[in-house]
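**Q** this is a predicted model, with the sequence first.
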Amino acid sequence: MRTRFVPAAIPAVLCAALMTLAGNASAQLHDPATPLAVAAKVALRGEANSIAVREMRIVRKNDILVVQADMANMGRTDRTVFYRFKWLDNVGNQVGDGESWKQMSVLGLGQQTVKSVAPTSAAVDLRLEMNVEPR
């Protein structure tokens, strides 16, 4: 029996394969309140637990990247968020020694802004790594 080649099925199969190969929580699930462009910069470790990164502003000042990210708690209970920024060069390798984890509380239905500056001018991209504690 002959099988028929269906070109329309290729994007769905490729997408599923890439999601499996990525193995990265940021590629798997994100909060629907987080825009897709922002979700691409977020590496979520575990569940989002009602925390969404609503907006991320990245600018280059004096040849150094500066970022501000707004984290919103979509639930009514307070959440503890652990986060750090990972700075990447033009081929995706980490630049600098890496930041230590920082802890922050986001009140129920509240919003917090986190800020960071790249360690060197070699940084051209970033990932916001997050771990949200469940209550």
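**A** Thanks, I have it.
**Q** buried sites along stretch 65-84?
**A** Buried residues in stretch 65-84, counted by 16 or more other C-beta atoms under 10 Å: 65, 67, 69, 71, 72, 73, 74, 79, 81, 83, 84. (C-beta placed from N, C-alpha, C; glycine too.)
**Q** span of that stretch from start to end?
**A** 15 Å (C-alpha to C-alpha, to the nearest Å).
**Q** for residue 92, grab the count of nearby residues.
**A** Here the count is done by other C-beta atoms under 10 Å, and residue 92 has 9 residues near it.
**Q** my read: it touches residue 125, true?
**A** Yes - Residue 92 lies in contact with residue 125 (C-beta atoms under 8 Å); the separation is 7.5 Å.
**Q** in the protein, where is pLDDT below threshold?
**A** 1-31 (pLDDT under 70).
**Q** and the strands in it?
**A** 42-44, 51-61, 64-73, 79-88, 102-106, 111-117, 125-132 (DSSP state E).
**Q** what sits against the closest residue to residue 33 other than its chain neighbours?
**A** Distances taken as C-beta to C-beta, 6 or more residues apart in numbering put residue 52 closest to residue 33, at 3.7 Å, once the chain neighbours are dropped. Listed by C-beta atoms under 8 Å, 6 or more residues apart in numbering, the contact set of residue 52 reads 31, 32, 33, 34, 71, 72, 74.
**Q** swap the cut-off to 6 Å and go again
**A** Counting by C-beta atoms under 6 Å, 6 or more residues apart in numbering, residue 52 touches 31, 33, 34, 72, 74.
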